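Engineer: Any chance you can model this:
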Amino acid sequence: MDVQEAEAETRETAQRYSGQVKTLPSVPRSRLRKWLREPLLQFILVGVVLFGVWHLVNPAADTRGASSRIVLTDDDLRQMALVWVAQGRPPPTQQQMQSLIETKVHEEVLYREALALGLDKDDTIVKRQLARKMEFLAEDVSKLDEPKQDELAAWYEKNHARFALPPRVSFRHIYFSPDRRGANARMDAERGLARLAGKPMDAHGAAATGDPFMFQDYYGDRSFDELAKAFGPQFARAVIGVKQGAWAGPIESGYGWHVVFVESSTPERIPAYEEVAADVKAAWLEDHRDEVRRRMYETMRARYEVVVPPPRDWRDMPAATGIRPADIEPR
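Structural biologist: Below you'll find the predicted structure:
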């Protein structure tokens, strides 16, 4: 069969089938343009394109294998039930347990899909959480070491200053109010001190020398921190330094002026180990935990090479970016 015979046979075949094939109705161009302007259709088309591009870039995302199975063990169910009961509830019913399982599965599905999409990459919050989990791991390792009593005692000898008991005082005060006396409050306090000189703490009429105070007139066995919280650090330092057994002042506080009589005082002292054994152990464990965390980090840090840009003067950054220092909110 030559070429001309082949072409004739092809035309004959085409004519024979042309009568059996129905042509589809053509879509008017105006209607097609209207469809293409629909936002929903545009959204679907863009989504299809992005989905296809993502699968081309991540061909391994569909090969899930064993990761498509979510297996919950008896221990998982027991843990969920324990958490439920720990919230003050009765043991979960079958329906409640099924709800807990669905919640767990919901979380696991979203977690795995997020990993498949790479949402864990370059996420500051995820990085911080993982770094924190590494620190928790170091803390768990440190708990394996239980200190012995002789070890704690030796450690206390080197660090006893950390456990010094602060000085304490018991005193009575007479208050002179700036609200009542104005600028004369301090001068009136000096006159009141002169009238009380040589008198005992409970001298008759001593309270009438000053003004009523909104809180206590007498404070027993108070530390510096307690006094600083009540009157301010300046007042606390001054009262701690007053000799006991005589009226002294005037001493200023956040309320006004005071004349004080220190009844008794206990100087700072280093307690015996037996007095603070529990605190010593807690401090040792804290120091040991920090040391384990530090050593673990240094070991991991040594495996990395850190590359940073050359040094520059960051003080010119606001000028270069057009941001004024006043526009930067403090954190």
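Engineer: okay, and for the stretch 51-200 of the chain, where does confidence drop off?
Structural biologist: By pLDDT under 70, the low-scoring segments of the stretch 51-200 of the chain are 51-67, 138-145.
Engineer: Recalculate using a threshold of 50.
Structural biologist: Within the stretch 51-200 of the chain, the segments meeting pLDDT under 50 span 63-66.
Engineer: which stretches of it form helices?
Structural biologist: Assigned helices in the stretch 51-200 of the chain, in chain order: 74-86, 94-116, 124-142, 149-159, 178-181, 185-196 (criterion: DSSP state H, counting those that start in this stretch).
Engineer: how far does the third one sit from the chain's center?
Structural biologist: This means helix 124-142. Here helix 124-142 shows a centroid-to-chain-centroid distance of 13 Å under the convention CA atoms, centre = their mean, to the nearest Å.
Engineer: The second one now?
Structural biologist: The chain centroid and the centroid of helix 94-116 are separated by 26 Å under CA atoms, centre = their mean.
Engineer: and Ser265, backbone torsions?
Structural biologist: As for Ser265, its main-chain torsions (degrees, to the nearest 10) stand at phi -150, psi 150.
Engineer: isn't it right up against Gln244?
Structural biologist: Yes - using CB atoms under 8 Å as the test, Ser265 is close enough to Gln244 to be in contact (5.1 Å). In this view, the C-beta of every residue, glycine as well, is placed from N, C-alpha and C.
Engineer: joint contacts of those two?
Structural biologist: Taking CB atoms under 8 Å, 6 or more residues apart in numbering as the contact definition, Ser265 and Gln244 share the neighbouring residues Val169.
Engineer: Looking at those two, which has the bigger crowd around it?
Structural biologist: Looking at Ser265 and Gln244 with other CB atoms under 10 Å, you find the greater number of neighbours at Ser265, namely 18 against 14.
Engineer: for the more buried one, which residues make a bridge with it?
Structural biologist: Here Ser265 sits in beta bridges with Val169, going by DSSP bridges.
Engineer: pLDDT score assigned to it?
Structural biologist: According to the predicted model, the pLDDT of Ser265 comes to 86.
Engineer: Gly249 - nearest residue in space that isn't next to it in sequence?
Structural biologist: Closest residue in space to Gly249, ignoring its immediate chain neighbours: Val259 at 4.0 Å, by CB to CB, 6 or more residues apart in numbering.
Engineer: Show me where the protein has its strands.
Structural biologist: With DSSP state E as the criterion, the chain has strands at 168-176, 218-223, 247-252, 257-266.
Engineer: Switch these over to a markdown table; also include distance to Gly88.
Structural biologist: Output for the strands of the chain, formatted as a markdown table (distance: least, CB to CB, whole Å):
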| stretch | distance to Gly88 |
| --- | --- |
| strand 168-176 | 42 |
| strand 218-223 | 38 |
| strand 247-252 | 51 |
| strand 257-266 | 45 |
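Engineer: Indicate which one of the ones you listed is closest to Arg303.
Structural biologist: Relative to Arg303, the nearest member of those by CB to CB is strand 218-223, separated by 48.0 Å.
Engineer: other SSEs contacting that closest one?
Structural biologist: Using 3 or more CB pairs under 8 Å, 6 or more residues apart in numbering; DSSP states H and E, the elements in contact with strand 218-223 are strand 168-176, helix 224-231.
Engineer: Single out the most deeply packed of those.
Structural biologist: strand 168-176 (a mean of 22; mean count of other CB atoms under 10 Å).
Engineer: Pretty sure Ser253 sits against Phe231.
Structural biologist: Yes - in terms of CB under 8 Å, Ser253 counts as a neighbour of Phe231; the distance is 4.1 Å.
Engineer: just to revisit the earlier point, out of the strands of the chain, which comes closest to Pro200?
Structural biologist: Judged by CB to CB, the one of the strands of the chain that comes nearest to Pro200 is strand 257-266, at 8.1 Å.
Engineer: Name the single longest helix found in this structure.
Structural biologist: Determined from DSSP state H, the single longest helix within the chain is helix 277-301.
Engineer: Mind listing the residues bridging to Tyr219?
Structural biologist: Phe171.
Engineer: Who are the contact partners of it?
Structural biologist: Contacts of Tyr219 were listed using CB under 8 Å, 6+ apart, and they are 169-173, 227, 230.
Engineer: so which of these comes closest to Arg301?
Structural biologist: Distance to Arg301 across these (CB to CB) is lowest for Leu227, with 45.0 Å.
Engineer: What is the neighbour count of the closest residue to Ala283 other than its chain neighbours?
Structural biologist: Nearest residue to Ala283, sequence neighbours excluded (CB to CB, 6+ apart): Arg162, at 6.7 Å. Residue crowding around Arg162 was assessed by other CB under 10 Å; the count is 13.
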